[in-house]
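Peer 1: Attaching a predicted model along with its sequence, questions to come.
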Number of protein chains: 2
Amino acid sequence: MALPAHEGAASAMTSFTSQYGALMGDLLASVRSAAQRTPISGIISTANHGRQVPGTIPLWAGEGDLPTPRFIAEAAAKALYDGETFYTHSRGIPELREAIAGYYEEQFGRPFDPDTFFVTGSGMQAIQLCVAMTVGAGEDILIPTPSWPNAAGASTVIGANPVIVPMAEDAGRWVLTVEMLEKAMTPQTRAIFVNSPANPTGWTATREEMEAILAFARANELWIIADEIYSRFIWTGASRAPSFLDIAEPDDRILWVGTFSKNWAMTGWRMGWIHAPLALKQTLENLIQYSTSGTAVFMQRAGIAAITEGDWFVRSMIERAREGRDIVAEALAGRNRVTFAPPDGAFYAFFKVDGLESSRQAAIDLIDKAQVGTAPGTAFGENGEGYVRVCFLRSSDSLREAMSRIVNYLETLG
Amino acid sequence: MALPAHEGAASAMTSFTSQYGALMGDLLASVRSAAQRTPISGIISTANHGRQVPGTIPLWAGEGDLPTPRFIAEAAAKALYDGETFYTHSRGIPELREAIAGYYEEQFGRPFDPDTFFVTGSGMQAIQLCVAMTVGAGEDILIPTPSWPNAAGASTVIGANPVIVPMAEDAGRWVLTVEMLEKAMTPQTRAIFVNSPANPTGWTATREEMEAILAFARANELWIIADEIYSRFIWTGASRAPSFLDIAEPDDRILWVGTFSKNWAMTGWRMGWIHAPLALKQTLENLIQYSTSGTAVFMQRAGIAAITEGDWFVRSMIERAREGRDIVAEALAGRNRVTFAPPDGAFYAFFKVDGLESSRQAAIDLIDKAQVGTAPGTAFGENGEGYVRVCFLRSSDSLREAMSRIVNYLETLG
């Protein structure tokens, strides 16, 4: 089953055609069909609407309300003033790759080779490159949903088929089984996108579940694209979420994506990384060369500052999210029509509203009538209909106000 | 005729396989075949070698020796300190798109709609997105060569076939005719990449040549990807090079790529743009969303400063290149074995050395024996064999020293 264009290219084409006439419609119709099929992100279309409504509290995106800390900005500014504005290594400067390797060593208690890390122009680009490494035109990639839509989007751009694997939900808790993956698999399947802790559901695979997924991937010679960027935002009592790095062997086909965005409040910077087997070094460097050709050195200096001096800040972000999770849980507890279980990981509440016919319309109404920005559940796949996502990485006061507006809006639904 | 992997993936695979054993070779063999086929850039592999040899004067890349001017760096630093570190519009902030539109109005003497401009994470990404808009897996894109290798690289990544159109050369002057394009065309051809003024040859299409290419594209329903980023580096006496913008109609299938890199000494920043028909707005925004999801706001503020306050700097860069062109012409004039005509545009000297059997080996020898970094002609296509490229956007003293080293090396060849 191919992932539908959630809020699709087809309707966008129609509106453009009527707006600019047949001539412009012809022009759009002449672009590559895979580009035309690429869906509009349901998060972006909501945000584009919400940015026009003053006073809206924006909980639609996966980012908090704190700017990047000053010491990180200063590292970038210093490098800029030092003239670090020339071309550099496509896969990142050695110092940053060493800093990332050191960070992994801290997290996983064993050494990592800096040459297995590749700096990218965002975590999104890391996903795009991992897709380009593994899945081609006419081939399939399994994407358990509800899921952040961009992995599917990147697959569509390259001409591949994102195949949804609808996860099961019971009282707000989500489950992914190997049987579900098996059912979705075809002879054209080349990869699985595994996001744990997950955006938007907070689903966090246990070590045993990861072992089962890995065994399935090994048996079927599939690549795993592991998106574990929320691993430190974990609410089970563990210090970090289980990782494929805990169980992988050197010959396993796994690519890990990483980002500076969430831990260090650097969402707007567009800087991430890939961790990949050493054998892929030259191929990945080539793919970076032919996409963005690397990341600004002055940004990479900021990345080094973040990783080597910023752990106190990451801890403060985790604490902020923990408080946010409590505020959301309290606001939604016992509410009429609302089904919600506090998530095991990440910093989103993804809750179901009984009787909600259109998540998309609800997200628009919440902006227009309640001045609070959410992401519609359908932005994350068909089985997100009826759900609303809010990001709770936010100051307590602002989040309490936002949740109060949401709850009041839900009560108007009767 | 498919573009060969100049210094190809095959040999890289062999070396990795022997280095890391059969296990790692299996891993590499299991990645997507189009990713494996992506060639190593002959410029990058030379630069990677040269960076290890102290004292080497680097003329291998398409960048000068001046860092980004202070006022541009300050605009980025100010925005950073102001907290402009959040997610933003995928296609760029309105203020920057307005500034770019204003720049085009100055250059072309008529108004442009800011909504036809799309900010990208480098000129390279602009090319990648234009390829993704127009050419799919199994389809062809015509690329006149010698050509900067990255347009072909981006085509290979998406599974398309870069089809070389070998240009003719006579005494250092290059020619592209419609007959050459017709000869290379197949039923699968969807686009032509036209770089004028050209890297590395300096070839600059006249208005009449552009009209002929456009007529050919119209007749065959091909897209033109117009790379005119060197348009102000023009040595024919004109104030800028002829542009497809001088002759295009609204329904023409043309995408223009742009970059901050060359005019404003911002090569390391990775910031560029696309100018495209308005009808493609949503589709291009989607493609940006699913690749890097946009460009940092603090970088975009620097872009605004560059465009609105930096014309004096662009003029100084043009003057620097003009002086560099004279220095190179003087150094190469009348040299035994050397065929060179000063280029009409851009800031490269691409000269032929009679009897040179391997441009690649010469580039390595020039680094090892003469401490000067050039780009081998074969990095730009098979018909670049026997040629050497140097970038002459450099201080007079440094460039004179570099050219003296090159000339001395050439004399050792006998």
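Peer 2: Received it, and whenever you're ready, just let me know what you need.

Peer 1: what bits of chain A have low per-residue confidence?
Peer 2: Applying pLDDT under 70 to chain A picks out residues A:1-24, A:414.

Peer 1: Now the most centrally placed residue in it: closest residue in space that isn't a chain neighbour?
Peer 2: Centroid-nearest residue in chain A: A:W148, 5.3 Å away (criterion: CA atoms, centre = their mean). Leaving aside its sequence neighbours, A:W148 sits nearest to A:N199 (CB to CB, 6 or more residues apart in numbering or on different chains; 4.6 Å). (Glycine included, C-beta is placed from N, CA and C.)

Peer 1: next one: A:F392
Peer 2: Spatially, and ignoring its direct neighbours in sequence, A:F392 is nearest to A:G324 (3.3 Å; CB to CB, 6+ apart).

Peer 1: For the one you found, identify the helix or strand it belongs to.
Peer 2: helix A:311-332 (DSSP states H and E).

Peer 1: Tell me which other helices or strands that helix touches.
Peer 2: Judged by 3 or more CB pairs under 8 Å, 6 or more residues apart in numbering or on different chains; DSSP states H and E, the packing partners of helix A:311-332 are strand A:348-353, helix A:396-412.

Peer 1: again, only this time at 10 Å
Peer 2: Helix A:311-332 sits against helix A:297-309, strand A:338-339, strand A:348-353, strand A:387-391, helix A:396-412, with contacts defined as 3 or more CB pairs under 10 Å, 6 or more residues apart in numbering or on different chains; DSSP states H and E.

Peer 1: buried set for that helix?
Peer 2: For helix A:311-332, burial by neighbour count (16 or more other CB atoms under 10 Å in any protein chain shown) applies to A:313-314, A:317-318, A:320-321, A:323-325, A:327-329, A:331-332.

Peer 1: Can I get it as PDB, trimmed to CA atoms?
Peer 2: Backbone C-alpha positions of helix A:311-332 (Å, rounded to 0.1, in the frame of the first residue of the first chain) are rendered in PDB as follows:
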ATOM      1  CA  ASP A 311      25.700  18.900  28.100                       C
ATOM      2  CA  TRP A 312      24.300  21.100  30.900                       C
ATOM      3  CA  PHE A 313      22.100  22.600  28.300                       C
ATOM      4  CA  VAL A 314      20.800  19.300  27.000                       C
ATOM      5  CA  ARG A 315      20.000  18.300  30.600                       C
ATOM      6  CA  SER A 316      18.000  21.500  31.000                       C
ATOM      7  CA  MET A 317      16.100  20.800  27.800                       C
ATOM      8  CA  ILE A 318      15.300  17.300  29.000                       C
ATOM      9  CA  GLU A 319      14.000  18.800  32.300                       C
ATOM     10  CA  ARG A 320      11.900  21.400  30.400                       C
ATOM     11  CA  ALA A 321      10.400  18.600  28.300                       C
ATOM     12  CA  ARG A 322       9.700  16.500  31.400                       C
ATOM     13  CA  GLU A 323       7.800  19.400  33.000                       C
ATOM     14  CA  GLY A 324       6.000  20.000  29.700                       C
ATOM     15  CA  ARG A 325       4.900  16.400  29.600                       C
ATOM     16  CA  ASP A 326       3.400  16.700  33.100                       C
ATOM     17  CA  ILE A 327       1.500  19.900  32.200                       C
ATOM     18  CA  VAL A 328       0.000  18.200  29.100                       C
ATOM     19  CA  ALA A 329      -0.900  15.100  31.000                       C
ATOM     20  CA  GLU A 330      -2.600  17.100  33.700                       C
ATOM     21  CA  ALA A 331      -4.500  19.200  31.200                       C
ATOM     22  CA  LEU A 332      -5.800  16.200  29.200                       C
END
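
Peer 1: can you give me how far it is from the chain middle?
Peer 2: Counting by CA atoms, centre = their mean, to the nearest Å, helix A:311-332 is centred 19 Å from the centre of its parent chain.

Peer 1: do the same with stretch A:330-343
Peer 2: 24 Å.

Peer 1: so how far is the first residue of it from its last?
Peer 2: 13 Å (CA to CA, to the nearest Å).

Peer 1: Then stretch A:59-69?
Peer 2: Taking CA to CA, stretch A:59-69 runs 21 Å from one end to the other.

Peer 1: Mind checking if it is in reach of chain B?
Peer 2: Yes - Stretch A:59-69 is in contact with chain B by CB under 10 Å from any CB of the partner chain, via A:W60, A:A61, A:G62, A:E63, A:G64, A:D65, A:L66, A:P67, A:T68, A:P69.

Peer 1: and if you look at stretch A:371-387?
Peer 2: No - no part of stretch A:371-387 sits near chain B under the criterion CB under 10 Å from any CB; the closest distance found is 11.9 Å.

Peer 1: Name the residues of the stretch 251-400 of chain A found near chain B, please.
Peer 2: A:251-253, A:255, A:261, A:264-272, A:276-299, A:302.

Peer 1: switch to 6 Å and redo it
Peer 2: With CB under 6 Å from any CB of the partner chain as the criterion, the stretch 251-400 of chain A comes near chain B at residues A:251, A:253, A:267-270, A:277, A:279, A:282-283, A:286, A:289-293, A:296-297.

Peer 1: Looking at those residues, which are in helices?
Peer 2: Counting by DSSP state H, the part of these found in helices is A:Q282, A:T283, A:N286, A:Q289, A:V297.

Peer 1: For the residues you listed, give me JSON lines that also has neighbour count.
Peer 2: Conversion of those to JSON lines gives the following (neighbours: other CB atoms under 10 Å in any protein chain shown):
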{"residue": "A:Q282", "neighbour count": "19"}
{"residue": "A:T283", "neighbour count": "25"}
{"residue": "A:N286", "neighbour count": "26"}
{"residue": "A:Q289", "neighbour count": "24"}
{"residue": "A:V297", "neighbour count": "25"}
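
Peer 1: Rebuild those as TSV, extending it with distance to A:A379.
Peer 2: Shown next, in TSV, are these (distance: CB to CB, whole Å):
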residue	distance to A:A379
A:Q282	37
A:T283	32
A:N286	33
A:Q289	32
A:V297	35
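
Peer 1: distance of A:Q107 from chain B?
Peer 2: Taking CB to the nearest CB, to the nearest Å as the measure, A:Q107 falls 23 Å from chain B.

Peer 1: before we move on, the earlier item: tell me who's in contact with the residue nearest to A:W148.
Peer 2: The contact partners of A:N199, by CB atoms under 6 Å, 6 or more residues apart in numbering or on different chains, come to A:W148, A:A346, A:Y348.

Peer 1: next one: A:Y230
Peer 2: Residues in contact with A:Y230 (CB under 6 Å, 6+ apart) are A:P197, A:G345, A:A346.

Peer 1: So the first one is in contact with A:S243, correct?
Peer 2: This points to A:P197. No - A:P197 lies out of contact with A:S243 (CB atoms under 6 Å); the separation is 10.6 Å.

Peer 1: which one of these two has more residues nearby?
Peer 2: Taking neighbours as other CB atoms under 10 Å in any protein chain shown, A:P197 and A:S243 compare with A:P197 leading, 28 against 19.

Peer 1: Look up phi and psi at that one.
Peer 2: phi -60, psi 150 (degrees, to the nearest 10).
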